[in-house]
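S.K.: structure for this input, please:
(one chain, ligands or ions: 1)
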Amino acid sequence: MTTINQTFATHEQAEPIASRWDDVYAATLSEPELLLYRSNLLGSDMRITNFGGGNTSAKVFMQDHLTGEQAEVLWVKGSGGDLGSIKLDGFSTLYMDKLRHLKSRYRGLALEDEMVAYLPHCTFNLNPRAASIDTPLHAYIDRKHVDHMHPDSVIAIAACANSKALTQSIFEGELGWLPWQRPGYDLGLKLEALSKAQPELKGIILEGHGLFTWGDTAKSCYEITLGIIKRAEDWIAANSKQPAFSGTRFAPLAAEERKALAQRLMPLLRGKISKDEFKLGHFDDSAAVLQFVCSNDLVALAALGTSCPDHFLRTKIRPFVIDFDPAKPDFDKLVAGLDEALAAYRADYIAYHERCKHDNSPAVRDANPIIYLIPGVGMLSFAKDKATARIAGEFYVNAINVMRGANGVDTYVGLPEQEAFDIEYWLLEEAKLQRMPKPKSLAGRIALVTGGAGGIGQAVARQLLQEGACVMLTDIDAEALENARHNLQKVAGRDNVATFSANITDESQVEGILAATALQFGGIDLLVSNAGIASSAPLEETTLEMWERNQAILVTGYFLVSRSAFSMMKKQKMGGSMVFVASKNGLVASAGAAAYCTAKAAEIHLARCIALEGAADGIRVNVVNPDAVIRGSKIWDGKWKEERAASNKIDSDDIEEFYRKRSMLKLSVLPEDIAEAVYFFVSEKSAKSTGNILNVDAGNSGAFTR
Ligand SMILES: [Zn+2]
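M.R.: Next up is the predicted model:
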């Protein structure tokens, strides 16, 4: 058995912040490419800016396509995207002279949002990348290269009660300071005014938000940005009072106990918060999280809410602190208190919306928490997809770093409630949400596929991923499973695919598969039981070992996996769907394969029994019967192929053609055909079907169900 095979970048970096600029490489780059190079360097270190946060720009002279003359063009990170992975097409390009002309259109702070609609009129070279709301902030600072970063260390200073005085004393006049203001056109004008009034400045701290820095060249801008962030980090490290967060209140549970608690809790919690939308979960018990959730300040600081706008847009203004005493761990007590505490959180969130809303504010959105803090255990985060849940968790780690830094040197202050609301329910933000594509049919669903390394298993996984599900693949063949993971992550991304190698005939290993699925994604909705073997021998030559092997994998294995999945589905109270990939041979007796046919028949009957027991809980169980799926099959690779060829008196190379001709429709059955049928049964398309069998065999009259 192996552990879940997934790694992601973390906040913990061993090396101190230092320039990674390569002069030799940089000499080969054009001005826009230098901007890209600088952006990727900055965005790949979480201490410099958080995921998707911050933006960079350069003002470049380029030939105008219409006039042939030189035009000054602002290259600035476009709307959305992440600096660490941005490419040149992630930047929007705008005429500087047109951006300057916009000032004549500005009618004042109350109407600043209308300026966003003018930005597309400033586009250079028909660039389709939408300009971000931060564009005027870069345009109006009269410097060639500008960086805007969200470093935890600088935000910590920006979120202190005495932020202005601290900025002055730490940076000795090199940085200016502006009070909190929502990013928009007006803030661009404020940045312009301050940078003009104090030309000696290297940058400006925005209260409760982040950092602007600039330079004459891409390299000097990059190095000034790094230098300021390093100074902030060093100063906080040297001046923080210890211990952080007023010291430790609880000792953390041991790592294995933390995981065990999280995997038991996640399906229960998921069921309670997924009434309107299926959620996916993420667990984090890194050192920064544990220090915070075990500290004396946990409850008081969590109540203050987060500061930087990026943070609370991802995490909601407040996290949900679960009542749990790791010194006397009582899981049942924790669970017993959950409903009431969640109801109180939701009521509080709705009251916040009521208090702060304007006449034209969007309606209240999902009132459930995103971030869940458990003393002694760690942090859970839940969102509509796995990447969003993981990133929300990472953002809360940013918020923890900010609170630790600010409280270490001064007093941390969250953003005023009304300001937070005005960003969370900003009409421009709402418009962005409305533009998002409709969720896919299996969005938010968690699927477990057994036999996941084989041809049918991978085809099924690929289809479920395409339809928006997250997939846990399991297989006894660890090496083949690793290959499957690589193939699938290439098309579906790292977040949505996980693997766990195990033997489905072993009761405790099967429990391990389900525990890993819950810990990785939050629970289970869809089970595709697909692990298989085949054997062939006349009755008298069927050994007891062969008989028992068929029973162990095709009957006992299916029983163990479905029993564990069934139990987790019942705990979640979200229904569920199981599909058993059986065989035509479960319906049709076949000479010379008694052990296999009998086991497949038992498998089909097991599915019907579970369908009967699961109906009351909305758990559907159906069977897909493939026949002669040869391509990509691990079963058909070896002895079985030889045996079936011999039994049908043909050459083993002709076997696919033999089965095609034998079918009623004269078609070969492919793994993708089976995946299509499995998808039908796991999706809402078959919401009213359970206990059914669908043959995917290109037609075989012996297998007609009756
Ligand atoms: Zn920002």
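
S.K.: residues near residue 438, how many?
M.R.: If you count neighbours by other C-beta atoms under 10 Å, residue 438 ends up with 6. The way it works is simple: take the backbone N, C-alpha and C, and place the C-beta from them, glycine included.

S.K.: quick check: phi and psi on residue 281?
M.R.: Main-chain dihedrals, residue 281, degrees, to the nearest 10: phi -110, psi 160.

S.K.: ok, now how distant is the closest residue to it other than its chain neighbours from residue 350?
M.R.: Closest residue to residue 281 apart from its sequence neighbours, by C-beta to C-beta, 6 or more residues apart in numbering: residue 522 at 2.8 Å. Look at residue 522 and residue 350: by C-beta to C-beta, to the nearest Å, they are 24 Å apart.

S.K.: the two: which has the busier surroundings?
M.R.: residue 522 (33 against 12).

S.K.: check which helix or strand residue 471 maps to.
M.R.: strand 470-475 (DSSP states H and E).

S.K.: quick one, what contacts residue 235?
M.R.: 170, 409 (C-beta atoms under 8 Å, 6 or more residues apart in numbering).

S.K.: quick check, it in a strand?
M.R.: No. Assigned with DSSP: H, G, I helix; E, B strand; the rest coil, residue 235 falls outside any strand and is helix.

S.K.: pLDDT score for it?
M.R.: In this model, residue 235 is scored at 96, pLDDT.

S.K.: swap in residue 706?
M.R.: 73.

S.K.: measure it to residue 587 for me?
M.R.: Counting by C-beta to C-beta - residue 706 and residue 587 are separated by 10 Å.

S.K.: buried ones in the strand or helix carrying residue 288?
M.R.: For residue 288, the host element (DSSP H and E) is helix 287-293. In terms of neighbour count (16 or more other C-beta atoms under 10 Å), helix 287-293 has its buried residues at 288, 289, 290, 291, 292, 293.

S.K.: tell me which two of those sit farthest apart.
M.R.: Using C-beta to C-beta, the buried residues of helix 287-293 reach their maximum pairwise distance at 288 and 293, which is 9.9 Å.

S.K.: so for residue 81, what's the pLDDT?
M.R.: As predicted, residue 81 sits at a pLDDT of 84.

S.K.: can I take it that it is in a helix?
M.R.: No. When classified by three-state DSSP, residue 81 is found to be coil rather than part of a helix.

S.K.: please, where are all the helices along the stretch 351-500 of the chain?
M.R.: Using DSSP state H, counting those that start in this stretch, the helices of the stretch 351-500 of the chain run over 386-409, 417-424, 427-435, 455-466, 478-492.

S.K.: and these, which one averages the lowest pLDDT?
M.R.: For those, where the average pLDDT is lowest is helix 427-435, sitting at a mean of 80.

S.K.: which elements pack onto that helix?
M.R.: Contacts defined by 3 or more C-beta pairs under 8 Å, 6 or more residues apart in numbering; DSSP states H and E place helix 427-435 against no helix or strand at all.

S.K.: pull out the buried positions in it.
M.R.: Buried residues in helix 427-435 (16+ other C-beta under 10 Å): 429, 430.

S.K.: just how off-centre is it within its chain?
M.R.: 21 Å (C-alpha atoms, centre = their mean, to the nearest Å).

S.K.: just use 3 as the starting number from now, easier for me
M.R.: Sure thing, new numbering starts at 3, so read that last one as helix 429-437.

S.K.: dump that helix to PDB, restricted to CA.
M.R.: The C-alpha coordinates for helix 429-437 follow below in PDB (Å, rounded to 0.1, in the frame of the first residue of the first chain):
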ATOM      1  CA  LEU A 429     -21.200  44.700  -8.600                       C
ATOM      2  CA  LEU A 430     -18.100  44.300 -10.700                       C
ATOM      3  CA  GLU A 431     -17.200  41.100  -8.700                       C
ATOM      4  CA  GLU A 432     -20.800  39.900  -9.200                       C
ATOM      5  CA  ALA A 433     -20.500  40.500 -12.900                       C
ATOM      6  CA  LYS A 434     -17.400  38.300 -13.000                       C
ATOM      7  CA  LEU A 435     -19.300  35.500 -11.200                       C
ATOM      8  CA  GLN A 436     -22.200  35.800 -13.600                       C
ATOM      9  CA  ARG A 437     -19.800  35.400 -16.600                       C
END
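
S.K.: can you give me the angle it makes with helix 419-426?
M.R.: If you take axes from the mean of the first three to the mean of the last three C-alpha atoms, to 10 degrees, helix 429-437 sits at 40 degrees to helix 419-426.

S.K.: wait, what's in contact with the closest residue to residue 535 other than its chain neighbours?
M.R.: Closest residue to residue 535 apart from its sequence neighbours, by C-beta to C-beta, 6+ apart: residue 555 at 5.3 Å. Contact analysis of residue 555 by C-beta under 8 Å, 6+ apart lists 506, 507, 533, 534, 535, 601.

S.K.: per-residue pLDDT of residue 555, please?
M.R.: 96.

S.K.: in which helix or strand would I find the closest residue in space to residue 576 that isn't next to it in sequence?
M.R.: Closest residue in space to residue 576, ignoring its immediate chain neighbours: residue 273 at 5.4 Å, by C-beta to C-beta, 6+ apart. Per DSSP H and E: residue 273 is located in helix 257-275.

S.K.: that helix - what's its average pLDDT?
M.R.: If you average the pLDDT over helix 257-275, you get 98.

S.K.: can you list contacts of that helix?
M.R.: 254-255, 281, 283, 285, 287, 331, 333, 336-337, 340-341, 344, 370-371, 374, 376, 378-380, 382, 384, 517-518, 520-521, 524-526, 570, 573-576.

S.K.: low-confidence stretches in the protein?
M.R.: 3-16, 636-640 (pLDDT under 70).

S.K.: change it to 50
M.R.: 3-12 (pLDDT under 50).

S.K.: who does the helix or strand where residue 676 lies touch, helix- and strand-wise?
M.R.: If you go by DSSP H and E, residue 676 is part of helix 673-684. Helix 673-684 sits against helix 457-468, strand 528-531, strand 578-583, strand 621-628, strand 695-698, with contacts defined as 3+ C-beta pairs under 8 Å, 6+ apart.

S.K.: okay, buried residues for the first one please.
M.R.: Meaning helix 457-468. So for helix 457-468, counting by 16+ other C-beta under 10 Å, buried means 457, 458, 459, 460, 461, 462, 463, 464, 465, 466, 467.

S.K.: make CSV out of those and add distance to residue 425.
M.R.: Shown next, in CSV, are the buried residues of helix 457-468 (distance: C-beta to C-beta, whole Å):
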residue, distance to residue 425
457, 49
458, 48
459, 45
460, 43
461, 44
462, 42
463, 39
464, 39
465, 39
466, 36
467, 33
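
S.K.: how about the strands in the stretch 303-452 of the chain?
M.R.: 322-323, 373-376, 380-385, 448-452 (DSSP state E, counting those that start in this stretch).

S.K.: with distance to residue 61 added, can I get those strands in TSV?
M.R.: Listed next are these as TSV, based on distance: least, C-beta to C-beta, whole Å:
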stretch	distance to residue 61
strand 322-323	45
strand 373-376	39
strand 380-385	37
strand 448-452	47
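
S.K.: okay, helices next: where are they in the stretch 153-302 of the chain?
M.R.: 154-160, 165-173, 187-199, 220-241, 257-275, 289-295, 300-306.

S.K.: the nearest residue to residue 474 once chain neighbours are set aside: which element?
M.R.: Closest residue to residue 474 apart from its sequence neighbours, by C-beta to C-beta, 6+ apart: residue 519 at 4.4 Å. Using DSSP H and E, the element containing residue 519 is helix 509-523.

S.K.: how near is residue 484 to residue 503?
M.R.: Applying C-beta to C-beta to residue 484 and residue 503 gives a distance of 8 Å.

S.K.: between those two, tell me which one has more neighbours.
M.R.: residue 503 (23 against 16).

S.K.: in the sheet, who's paired with the more buried one?
M.R.: residue 477 (DSSP bridges).

S.K.: thinking again about what came up before, just the strands of the stretch 303-452 of the chain: most buried one?
M.R.: strand 448-452 (a mean of 29; mean count of other C-beta atoms under 10 Å).

S.K.: tell me what it is packed against?
M.R.: So strand 448-452, by 3+ C-beta pairs under 8 Å, 6+ apart, packs with helix 457-468, strand 472-477, helix 509-523, strand 528-531, helix 560-574.
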